[in-house]
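Participant: here you go, sequence then predicted model.
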Amino acid sequence: MKELLNVAGVSKHFAMGGLFSRDVVHAVSDVSFALSADTAEIFTIIGESGSGKTTLARMILGLETPNSGAITFDGQEVSDSLSRSQRLAFMKRLQPVFQNPFEAFNPLKQVDGYLRSTAQTLLGVTEPDQIDAAMDSALQKVGLSLREIAGRYAHELSGGQLQRVAIARALIPEPALLIADEPVSMVDASLRMSIVNLLRDLRDTFGVSVIYITHDLATAYYISDRIMIMQQGHVVEMGPAKPILEQPEHPYSQLLKASVLSTENAGQTSLQPADRGIAQAAWEQAGAGHLLEGEGGRWVRR
């Protein structure tokens, strides 16, 4: 298999506290996975806040340096010491989409200016017609057009429109991989599925792989090819999405599933929290054992 991305034994820790009282937070511990360059897929990383999802994403983007392990993309090691030309080549192939679209755009700047700057910087085009064509092509992929957003500010667009503009900006250089960090958490519930469907279309129609970072099991079940569940920086379960989400084996994975609200007897009964025995077992097993391969490509920490 030709690899698009290889994350090999990556760990990251941060020193916290003052000069005389320093603690070490192990944000990511010995994480490994790979994405194929031959087949586009949606690889979902699931976990609660503080599980290490975003830190891992930042290392893949070259914004953080691992304390150990290595990350390679397109056969080249990801590093924060790349030259400007190397960094531009890297960002043409790998693009981020962040959680809050309203923070991604300066409210005093027209949103099409961001797309124009991306086209000029990453594509190297200078002619106005070429720039407009690149912008409109990317916007068309997300169900918008340059005519709809030209000259408009962030507050003049809905959250769903603005997130689609953010995705369009990332698509301008025609990347092989998108890293989408909680891309629907700040969008109205009625608009979430349009963004989720868009990510699936990018995979199916345009051959773009997506690392989808979320704590939402429902959307993960809907679009994921494979998933990786993280707890306190450790991978506890990884493999094909459907069997893991339907029949999780690790206590933390079971806790996540048990915590999903049900619509059965809505308004007629009291909500029951997840079994605390499951929660306690998940907490006690955090980082314990080893990640072992089972049937069907599933890996479980035991």
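Facilitator: On my side now, so go ahead.
Participant: got the buried residues for stretch 176-196?
Facilitator: By neighbour count on 16 or more other Cβ atoms under 10 Å, the buried set for stretch 176-196 is 176-184, 187, 191-192, 194-196. Quick note: C-beta positions are derived from backbone N, CA and C, even for glycine.
Participant: would you map the helices across this structure?
Facilitator: Under the criterion DSSP state H, the chain contains helices at 53-60, 84-93, 101-104, 112-118, 128-141, 146-149, 159-171, 189-206, 217-223, 241-246, 251-258, 276-284.
Participant: now for the first one, which elements pack on it?
Facilitator: Under the contact criterion of 3 or more Cβ pairs under 8 Å, 6 or more residues apart in numbering; DSSP states H and E, helix 53-60 touches strand 3-17, strand 22-36, strand 42-46, strand 68-73, strand 177-181, strand 209-214.
Participant: list of residues touching that helix?
Facilitator: 5, 7, 10, 12, 27-28, 31, 45-47, 64-66, 71, 73, 78, 94, 96, 179, 181, 211, 213, 230, 233 (Cβ atoms under 8 Å, 6 or more residues apart in numbering).
Participant: tilt between the lowest-mean-pLDDT helix or strand in the chain and helix 251-258?
Facilitator: Using mean pLDDT, DSSP states H and E, helix 276-284 stands out as the lowest-scoring helix or strand of the chain, at a mean of 70. Helix 276-284 runs at 140 degrees relative to helix 251-258, counting by axes from the mean of the first three to the mean of the last three Cα atoms, to 10 degrees.
Participant: by contact count, what packs against helix 276-284?
Facilitator: Using 3+ Cβ pairs under 8 Å, 6+ apart, helix 276-284 sits against helix 251-258.
Participant: let me know the closest of the buried residues of stretch 176-196 to E41.
Facilitator: L177 (10.1 Å; Cβ to Cβ).
Participant: mind listing the residues bridging to that closest one?
Facilitator: Partner residues in beta bridges with L177, using DSSP bridges, are L94, S209.
Participant: correct me if wrong: it contacts L4.
Facilitator: Yes: using Cβ atoms under 8 Å, L177 makes contact with L4 at a distance of 6.2 Å.
Participant: anything in contact with each of the two?
Facilitator: Going by Cβ under 8 Å, 6+ apart, residues that sit against L177 and also against L4 are L35, F73, S209.
Participant: contacts for stretch 238-248, please.
Facilitator: 33, 44, 217, 220-221, 224-229, 237, 253-254, 256-257, 291, 296-299.
Participant: could you do stretch 117-125 as well?
Facilitator: L88, M91, K92, T126, Q130, I131, A134, M135, R169, I172, P173.
Participant: for the second one, give its distance to R58.
Facilitator: It stands for M91. Using Cβ to Cβ, to the nearest Å, one gets 14 Å for the distance from M91 to R58.
Participant: check contacts around V78.
Facilitator: Listed by Cβ under 8 Å, 6+ apart, the contact partners of V78 are M59, I60, L61, G62, I71, T72, F90.
Participant: per-residue confidence at the last one?
Facilitator: Taken from the predicted model, the pLDDT recorded for F90 is 92.
Participant: any low-confidence regions in the stretch 151-300 of the chain?
Facilitator: 261-276, 279 (pLDDT under 70).
Participant: give me that answer again for 90
Facilitator: Where the stretch 151-300 of the chain drops to pLDDT under 90, the residues are 158-161, 163, 182-196, 215-219, 254-290, 294-295.
Participant: re the thing from before, need the contact partners of the least confident helix or strand of the chain.
Facilitator: Residues outside helix 276-284 that contact it (Cβ under 8 Å, 6+ apart): Q231, H250, P251, Y252, Q254, L255, A258.
Participant: nearest to G159, of the buried residues of stretch 176-196?
Facilitator: The shortest approach to G159 among these belongs to V187, at 4.8 Å (Cβ to Cβ).
Participant: so the closest one touches R164, yeah?
Facilitator: No: using Cβ under 8 Å, V187 makes no contact with R164, being 9.7 Å away.
Participant: list residues touching both of those two?
Facilitator: Common neighbours of V187 and R164 (Cβ under 8 Å, 6+ apart) are I195.
Participant: check contacts around the closest residue to F105 other than its chain neighbours.
Facilitator: Once flanking residues are discounted, F105 sits nearest to A154: 4.3 Å by Cβ to Cβ, 6 or more residues apart in numbering. By Cβ under 8 Å, 6+ apart, the contact list for A154 reads P101, F102, F105, N106, P107, V111, L162.
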